[in-house]
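Asks: Next comes the sequence, and after it the predicted model I'd like to discuss.
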Amino acid sequence: MLPGFGRVLPLFLGGTTWKTNPSTGGPHAAKVPGAPAADAGGEHAGHGAGDGAQTAPPTPADAIGIDGAVAAARAAGVTESLRITLPAKGKGYVVKEQDKQVPVHLDSVAIDPADGRVMDELRFADYPLLPQLTRFGIDLHMGLTFGLANQLALAALAVLLMFMVVWGYRMWWLRRPTKERKLSAGRPQPRGAWRKCR
């Protein structure tokens, strides 16, 4: 193994496990940084039926709204930096925590849009050890786990790696083959020399 490679190996492993989800965001998700979001009824929200008619009240299938889903999630212990996914047909709200700084908050719950009942929950503490370590590795790689200190450490590591690259080229330049000094492997060791190293 190359000298110093072991120091950057954890950073490399954290990066290889990072997989971006292209489906985040969009009209069916609303990110709420620790507070309830405004009602997000889709692109037709607020449109009346014409002639001064008022917007129809929520149907029984979605009686609680986003604020009700947030309140139900908070009551279930999901409170930090919330991300809400609006319910699809026959499914509930999904409320996830997105706080990746130590101590992390990454629990999620599914809320019934009809009555605010918790349909299902997934606690980060219930994850197996390997997924938890993967999550921590990715967040360390991104500089999120320890906030500013994490980012400064990554910046220092990046500067150190650039210095090592430049220093390696300098070492080669000082030992480069020239007309007076051709590149060679040197003279072979005399027979039996390794036995004398004991």
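Replies: Nice, thanks for sending it over. Numbering: from 1, shown residues only.
Asks: Which secondary structure elements does the top helix by length along the chain sit against?
Replies: Ranked by number of residues, the top helix in the chain under DSSP state H is helix 148-174. Judged by 3 or more CB pairs under 8 Å, 6 or more residues apart in numbering; DSSP states H and E, helix 148-174 is in contact with helix 5-16. C-beta here means a position set from N, CA and C on the backbone, and glycine is covered the same way.
Asks: before we move on, back to that, mind checking the pLDDT average for the longest helix of the chain?
Replies: Helix 148-174 shows a mean pLDDT of 94.
Asks: swap in stretch 86-101?
Replies: Here the average pLDDT along stretch 86-101 is 92.
Asks: what sits up against that stretch?
Replies: Around stretch 86-101, the neighbours that count as contacts under CB atoms under 8 Å, 6 or more residues apart in numbering are 28-31, 40, 42, 62, 66, 69-70, 72-73, 78-85, 105-113, 119, 135, 139, 144-147.
Asks: And the lowest mean pLDDT element among the helices and strands of the protein?
Replies: One helix or strand of the chain scores below all others by mean pLDDT, DSSP states H and E: strand 29-32, with a mean of 39.
Asks: Following that strand in sequence, what is the next regular element?
Replies: helix 65-75 (DSSP states H and E).
Asks: helix or strand right after that following helix?
Replies: strand 82-85.
Asks: Given that following strand, what are its sheet partners and their directions?
Replies: Its sheet considered, strand 82-85 pairs with strand 29-32 (antiparallel), strand 93-97 (antiparallel) by DSSP bridges.
Asks: Convert the C-alpha atoms of it to PDB, please.
Replies: C-alpha atoms of strand 82-85 as PDB (Å, rounded to 0.1, in the frame of the first residue of the first chain):
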ATOM      1  CA  LEU A  82     -38.500  17.700   8.200                       C
ATOM      2  CA  ARG A  83     -39.100  16.700   4.600                       C
ATOM      3  CA  ILE A  84     -42.700  15.900   3.600                       C
ATOM      4  CA  THR A  85     -43.800  13.800   0.700                       C
END
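Asks: can you pull the buried residues of it?
Replies: Across strand 82-85, burial judged by 16 or more other CB atoms under 10 Å covers 82-85.
Asks: Can I get the residues you listed in CSV including distance to residue 167?
Replies: Below are those laid out as CSV (distance: CB to CB, whole Å):
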residue, distance to residue 167
82, 47
83, 44
84, 50
85, 49
